[in-house]
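Student: 3D, please:
(chains A, B, C and D)
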Number of protein chains: 4
Amino acid sequence: NRLRDHGVEIGVLQPGTFNAITDVPGVQVGHTTHNESENIRTGVTAILPHSGNIFQEKVPAAIYVGNGFGKLAGYTQVKELGNLETPIVLTNTLNVSTAMNAVIGYTLEQKGNENVRSVNAVVGETNDGYLNDIRGRHVIEADVIQAISSATSGTVPEGNVGAGTGTICFGFKGGIGTSSRVLPKKSGGYTVGVLVQSNFGGVLQVAGVEVGKKLGHYSESFKYSPDGSCMMVVLTDAPLDSRNLERLAKRAMLGLSRTGGIASNGSGDYVIAVSTAEECRIPYESENPIQTVPTLRNEAMTPLFLATIEATEEAILNSLFAGETTVGRDGHKIEALPKEKVLEMLKEAGKMD
Amino acid sequence: NRLRDHGVEIGVLQPGTFNAITDVPGVQVGHTTHNESENIRTGVTAILPHSGNIFQEKVPAAIYVGNGFGKLAGYTQVKELGNLETPIVLTNTLNVSTAMNAVIGYTLEQKGNENVRSVNAVVGETNDGYLNDIRGRHVIEADVIQAISSATSGTVPEGNVGAGTGTICFGFKGGIGTSSRVLPKKSGGYTVGVLVQSNFGGVLQVAGVEVGKKLGHYSESFKYSPDGSCMMVVLTDAPLDSRNLERLAKRAMLGLSRTGGIASNGSGDYVIAVSTAEECRIPYESENPIQTVPTLRNEAMTPLFLATIEATEEAILNSLFAGETTVGRDGHKIEALPKEKVLEMLKEAGKMD
Amino acid sequence: NRLRDHGVEIGVLQPGTFNAITDVPGVQVGHTTHNESENIRTGVTAILPHSGNIFQEKVPAAIYVGNGFGKLAGYTQVKELGNLETPIVLTNTLNVSTAMNAVIGYTLEQKGNENVRSVNAVVGETNDGYLNDIRGRHVIEADVIQAISSATSGTVPEGNVGAGTGTICFGFKGGIGTSSRVLPKKSGGYTVGVLVQSNFGGVLQVAGVEVGKKLGHYSESFKYSPDGSCMMVVLTDAPLDSRNLERLAKRAMLGLSRTGGIASNGSGDYVIAVSTAEECRIPYESENPIQTVPTLRNEAMTPLFLATIEATEEAILNSLFAGETTVGRDGHKIEALPKEKVLEMLKEAGKMD
Amino acid sequence: NRLRDHGVEIGVLQPGTFNAITDVPGVQVGHTTHNESENIRTGVTAILPHSGNIFQEKVPAAIYVGNGFGKLAGYTQVKELGNLETPIVLTNTLNVSTAMNAVIGYTLEQKGNENVRSVNAVVGETNDGYLNDIRGRHVIEADVIQAISSATSGTVPEGNVGAGTGTICFGFKGGIGTSSRVLPKKSGGYTVGVLVQSNFGGVLQVAGVEVGKKLGHYSESFKYSPDGSCMMVVLTDAPLDSRNLERLAKRAMLGLSRTGGIASNGSGDYVIAVSTAEECRIPYESENPIQTVPTLRNEAMTPLFLATIEATEEAILNSLFAGETTVGRDGHKIEALPKEKVLEMLKEAGKMD
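Tutor: Okay, here's the model as predicted:
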């Protein structure tokens, strides 16, 4: 029931086995979903770039800020040092600090980290306050630990799960979405996987078809909404340094744009990009002040840029196709994307048979 | 013969009278075209935010770097001081310095600037070296002066003119393109005008229709090409400070993305954004250390973001619709976009009647 | 017993009444100090730019990252929107998230904020893990609330208080320090106040005298220390926009340098700059999309730059002069600066009578 | 006759053989000096990171903008790609474009570059318009070529030479200055060399002694001066990537601060940092999309930071000690630093015997 199951292809590159961020070897994703009582529609999603001790074996990383009306934690240290030392956690806006606390605790407790006294938790968020009683701050530390420890490879649940439980995209129910691309051998054969927490607005386009315009479903879409945002996580097994990871991250915004996203004033659009290549890991401590690492030359980046754009576009669309109609806080109701109608439009536009 | 003449609308907002950057009051554009002998296909395009002495009456400005494989001059001072003090000039990569010399000379000579000893010339470029003997550096200072002094309001020539004479876009003949949007009264009624010098690659989409993919015209499009680039100039009469102009500039990249652009490694993608609002002008010298200026609040930016995205997308498409088949250096030939075929595809996709 | 009490003047500008950040009208500072049992040496310092509801009456702000090995919260939103909407809170590295939770709670609870669903808490930190059981994360939310609610104008306690309880500077006991400068009337008469949480290394210089070198107290000072850091808060009543506030913030690093600081790899050096000018406040909500605000022209910034440099240098030195010998975690002991010896050196160098 | 010849040591690290940027193996410096007629006091300084074809064997590089009121060319491409592909050239503000033209021509003409169609010339400047008829733009392309081709290793002329011919520092005659530091073996044994073109203001400190204040020679020093600026070039044989080079570059501003510099509004303070390590060279073209390169780990940076700060401070002071009283445009006269008086002050302060 994903977009691609209907024969609609986004872009010119091919996805991996699961068409998910978990196509990148070693990557795991876990969710904790709070879908309780009438008012709680929130949760946590954790993405692990590898299954080892990330603090001891850091990964090259970069974060790009598409629009900074957001509360993502950990930005400046990633920028300065070029690496990530914790799992990536996504949740709601007002629970970022709770999630940080959990990630810090998780790291301090890990075997081998007994003397660690400094942890840069990377936690992203979007604001689910329309469907969720966000002021109640219902995510607790245990939720985060559970998302991390239940993380698995393989198929990734999408839509109303984890950090996407209460999010809204183009006025429809959004949530978690994921996709991947595998480069041809001649371009290196690398995999790029993207996972999004979609919660933003604009004028929806599906595979280039102006769904938002046709449905007239955009009148409010470009007015002030501090609650918008899109978190994008881009992982790849290509060996990249932080400079080229930042360039890669930047391209995710181009993918967002192709769904009709406009990065409105009230949007917190952040892209976290990480290389999972084993040969690029950065040991926390080392006898040797010099590290010799293979990295891709600048001109080898272009196919990875394209892969990121395509996978981001499709991940967002997947979040919309998986999102389910939700009633939440104070009876607020957000409809799922009218998939039948959309598929009809796609058919008319020649995007599917 | 522009895209919109065929009934194809990009986005949901309406363009201004000329559907051009000159819809922003006071803005003027001039071109000098070098289409000589077999090998020279280059030129100069000048954009004047107002017709006064720009050095004496500076304008709030920002430059956003989409991808920095380019030689644009003037970036760091605009970033630091938040203003522009010369006309904006576009040309080819290896003539940026010639154009700077011309702009400096122009400014030093202007009445009232007799004691000026520091000029920050803003000159952008793309690389027309496939069609043009770029190593010959055929643009001379007089060309730049001519482009500036011949600048006019009203209709803007597009395609193979000025700085677009020898540029290539998605493997077809690109060049100069322009478009505009006028916000509804309730959103402020401001005009946003965009002018592009298109010279980049990717997988072409026209109004969401995958033209590049259907034509199979992209196989080479995502390999290394240091010659790519897109210069985008965004002018608006909305009263904006440099911080919000930088945010506006950032959105032009989202418009580029919607045409299928991917900001390849070898691309120099720059956006120069300027507010032409008279009440925001910054006098070179002033008795008063304090300047009191009206500017838009952050949350009023969203409609301007949408306008920038739409106008950039359409400006790039206009450059392709205006581009004409060109033979240049060493007999290199670049075809114009096959407009008939494209319009047929648009029709099939329901984008036009 | 502050440096200036001994007749030593830093720079050429004069301080305000208290030679403290509280010389900026309306500014208040509060501390919560945890000096308990053998292992707890930590605390919280809160700085309030004004005594109203900061979320409803935001202040123009910027944050400059001198070296980003730190966990400061709130950076990207301040950068994007150019404003601050909470008190500034300083604490230890591993309690940033606790402090964020407290600041979020504080803001949600404030009268008038009943419908607020998004809060950008700005929390800075340095690592007091040598003297303090930082892994125990002993700061609780109530400590933060207390620091905020007990904030007062007037004299500011320095040294082993609040967030400076367990910090180390140039190998001596550091902590909280503050200083101010008042510009001459012809330069605008504005006040610049600085408060620091000093916890960094280098080769100490006091008023240009090479104390560290003379004492041989630097052998370890330039090796790896992830625990270093300096938080600097710069407030001024000059009417500034966020662009010029960022430029101002940058100058605090020049002040840090004059004490011998080198911004080592392991240092998290952040400067938070805020304009407290009433006419620059940014209402959370407004009927009018346009705000008309007086701001200083670029060329009026230079005296403010000098004031920031001088006040930062003196604030750091004040933190050292106020720091007291401390025994903490696992019996770790850090001596106070040997003030007698230092004053002797200053005398010999002709810096005091 | 340099500062160190008088027994005054800056910092705690030792300089190399020449106490010059040329202590970094392979580095060469060349000057062209225009000291003609009554009004021409300008020139060109070229710094070559290695003596090969720099375009074909690029070097890792970064540029840090201390204050961006300047016209340095080449910033955005260095930032994006992390490398330098031309000699570094310094000249006066209004001749940057002439120098770019020369550097482009030089590169196009080099053997092996016959097919090059894109060159990112890095040219810095300061404004010598008080002593020099800068509006006359007296530097010609041949001057630049001569500076490049006459570049040599060994002793570097300082003061009124090359790009420093007409510059002013703290109200005294500044110019070119250079210094170096060699790290102890245990810190890697690397050399850091700095060359400055000093042309800025503040309140002069020499080895921590408040010369400017004592001489009362600063009254004008913090008012508006668009002509100020300091160009700093930092070369090292340590194997560094562009991220850590940017961090290194940032520290040069801390060195500038220790001379009393304040980075005034009108200052264009830029630092260009390059690693000359042979194993880090980046070939223009390569069969292999992956490059395996040794680079220093983050925590090995601290001693290099200290070396950069010390060498920058001493390079600036050297420029002042070498500067000679100059009469130039319209009879404008700038005195040399009163070295006798300054040395007397240093003696009194115990800085020398």
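Student: how many other residues sit next to the residue in the stretch 101-250 of chain A that chain B sits nearest to?
Tutor: Ranking the residues of the stretch 101-250 of chain A by distance to chain B (CB to the nearest CB) places residue A:208 first, at 2.8 Å. (Glycine included, C-beta is placed from N, CA and C.) By the criterion of other CB atoms under 10 Å in any protein chain shown, residue A:208 has 24 neighbours.
Student: That one against residue B:213, yeah?
Tutor: No: assessed by CB atoms under 8 Å, residue A:208 is found out of contact with residue B:213, at 10.3 Å.
Student: how about the helices in chain A?
Tutor: A:75-81, A:96-109, A:141-149, A:211-214, A:242-258, A:302-322, A:339-348 (DSSP state H).
Student: would you turn the ones you listed into TSV with mean pLDDT?
Tutor: Converted to TSV, the helices of chain A look like this (pLDDT from 0 to 100):
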stretch	mean pLDDT
helix A:75-81	98
helix A:96-109	98
helix A:141-149	98
helix A:211-214	94
helix A:242-258	98
helix A:302-322	97
helix A:339-348	97
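Student: Give me whichever of those is most buried.
Tutor: Highest mean neighbour count of the helices of chain A: helix A:302-322, a mean of 29 (counted as mean count of other CB atoms under 10 Å in any protein chain shown).
Student: report the angle between the axes of that helix and helix B:242-258?
Tutor: 90 degrees (axes from the mean of the first three to the mean of the last three CA atoms, to 10 degrees).
Student: one step back: chain D versus the residue of the stretch 101-250 of chain A closest to chain B, what's the distance?
Tutor: 29 Å (CB to the nearest CB, to the nearest Å).
Student: go on, residue A:342?
Tutor: With CB to the nearest CB as the criterion, residue A:342 and chain D are 38 Å apart.
Student: same deal with residue A:68?
Tutor: 19 Å.
Student: if I pick that residue, what's in contact with it?
Tutor: A:268, A:270, C:76, C:77, C:79, C:80, C:81 (CB atoms under 8 Å, 6 or more residues apart in numbering or on different chains).
Student: Identify the bridge partners of it.
Tutor: residue A:268 (DSSP bridges).
Student: what's the pLDDT at it?
Tutor: Here, the pLDDT recorded for residue A:68 equals 97.
Student: do the same with residue A:352
Tutor: On the pLDDT scale, residue A:352 gets 89.
Student: State the number of residues packed around the residue nearest to it when sequence neighbours are not counted.
Tutor: Here the nearest residue to residue A:352 in space, its sequence neighbours aside, is residue A:7; by CB to CB, 6 or more residues apart in numbering or on different chains that works out to 4.5 Å. For residue A:7, the count of nearby residues is 12 (other CB under 10 Å).
Student: ok, residue A:7 touching residue A:350?
Tutor: No: with contacts counted by CB under 8 Å, residue A:7 stays clear of residue A:350, the gap being 11.5 Å.
Student: returning to that earlier point: nearest to chain D, out of the contacts of residue A:68: which one, please.
Tutor: Nearest to chain D, judged by CB to the nearest CB, of the contacts of residue A:68 is residue C:79 at 16.1 Å.
Student: Leaving out sequence neighbours, find the closest residue to that closest one.
Tutor: residue A:68 (5.6 Å).
Student: got it, and residue A:28?
Tutor: Nearest to residue A:28 is residue A:151, by CB to CB, 6+ apart, at 3.8 Å.
Student: which residues sit in contact with the one you found?
Tutor: A:28, A:29, A:30, A:46, A:47, A:48, A:87 are the contacts of residue A:151 under CB under 8 Å, 6+ apart.
Student: Also residue A:233?
Tutor: Per CB under 8 Å, 6+ apart, neighbours of residue A:233: A:21, A:47, A:88, A:90, A:124, A:194, A:195, A:196, A:271, A:272, A:273, A:274.
Student: Who does it form a beta bridge with?
Tutor: residue A:195, residue A:272.
Student: gap between it and residue A:89?
Tutor: 10 Å (CB to CB, to the nearest Å).
Student: between these two, what contacts are shared?
Tutor: A:47, A:124.
Student: thinking residue A:337 is in contact with residue A:323, fair?
Tutor: Yes: counting by CB under 8 Å, residue A:337 does reach residue A:323; the two are 6.5 Å apart.
Student: overlap in contacts of those two?
Tutor: Joint contacts of residue A:337 and residue A:323 (CB under 8 Å, 6+ apart) are A:172, A:173.
Student: Pull the contacting residues for the nearest residue to residue A:84 once chain neighbours are set aside.
Tutor: Spatial nearest neighbour of residue A:84, chain neighbours left out: residue A:61 (3.7 Å); criterion: CB to CB, 6+ apart. Taking CB under 8 Å, 6+ apart, we find residue A:61 in contact with A:78, A:82, A:83, A:84, A:242, A:245, A:272, A:273, A:274, A:275.
Student: Mind pulling up the pLDDT for residue A:61?
Tutor: Residue A:61 is assigned 98 on the pLDDT scale.
Student: Against residue A:89, how distant is it?
Tutor: For residue A:61 relative to residue A:89 (CB to CB), the value is 14 Å.
Student: And residue A:41, by the same measure?
Tutor: Distance of residue A:41 to residue A:89, given as CB to CB: 18 Å.
Student: And residue A:332, by the same measure?
Tutor: Taking CB to CB, one finds residue A:332 at 26 Å from residue A:89.
Student: cool, and residue A:250?
Tutor: Distance, residue A:250 to residue A:89, using CB to CB: 22 Å.
Student: residues contacting the residue of the stretch 101-250 of chain A at minimum distance from chain D?
Tutor: Across the stretch 101-250 of chain A, the shortest distance to chain D (CB to the nearest CB) belongs to residue A:243, at 5.3 Å. Each residue near residue A:243 by CB under 8 Å, 6+ apart is listed here: A:62, A:82, D:82, D:241, D:242, D:243.
Student: Apply 7 Å and report the result again.
Tutor: Taking CB atoms under 7 Å, 6 or more residues apart in numbering or on different chains, we find residue A:243 in contact with D:82, D:242, D:243.
Student: Make JSON lines from these and add distance to residue B:299 to it.
Tutor: Listed next are the contacts of residue A:243 as JSON lines, based on distance: CB to CB, whole Å:
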{"residue": "D:82", "distance to residue B:299": "37"}
{"residue": "D:242", "distance to residue B:299": "37"}
{"residue": "D:243", "distance to residue B:299": "35"}
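Student: residues from chain A in reach of chain D?
Tutor: Taking CB under 7 Å from any CB of the partner chain as the contact definition, chain A meets chain D at A:81-82, A:188, A:239, A:241-243, A:286, A:289-298, A:300.
Student: Buried among these? Make that a PyMOL selection.
Tutor: To isolate the buried members of those in PyMOL, using 16 or more other CB atoms under 10 Å in any protein chain shown:
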select buried, chain A and resi 81+82+188+239+241+242+243+289+291+293+295+296+297+298+300
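Student: what's near enough to touch residue A:260?
Tutor: Per CB under 7 Å, 6+ apart, neighbours of residue A:260: A:170, A:202, A:203, A:204, A:205, A:212.
Student: would JSON lines of those with distance to residue C:279 be doable?
Tutor: Listed next are the contacts of residue A:260 as JSON lines, based on distance: CB to CB, whole Å:
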{"residue": "A:170", "distance to residue C:279": "39"}
{"residue": "A:202", "distance to residue C:279": "35"}
{"residue": "A:203", "distance to residue C:279": "38"}
{"residue": "A:204", "distance to residue C:279": "42"}
{"residue": "A:205", "distance to residue C:279": "43"}
{"residue": "A:212", "distance to residue C:279": "41"}
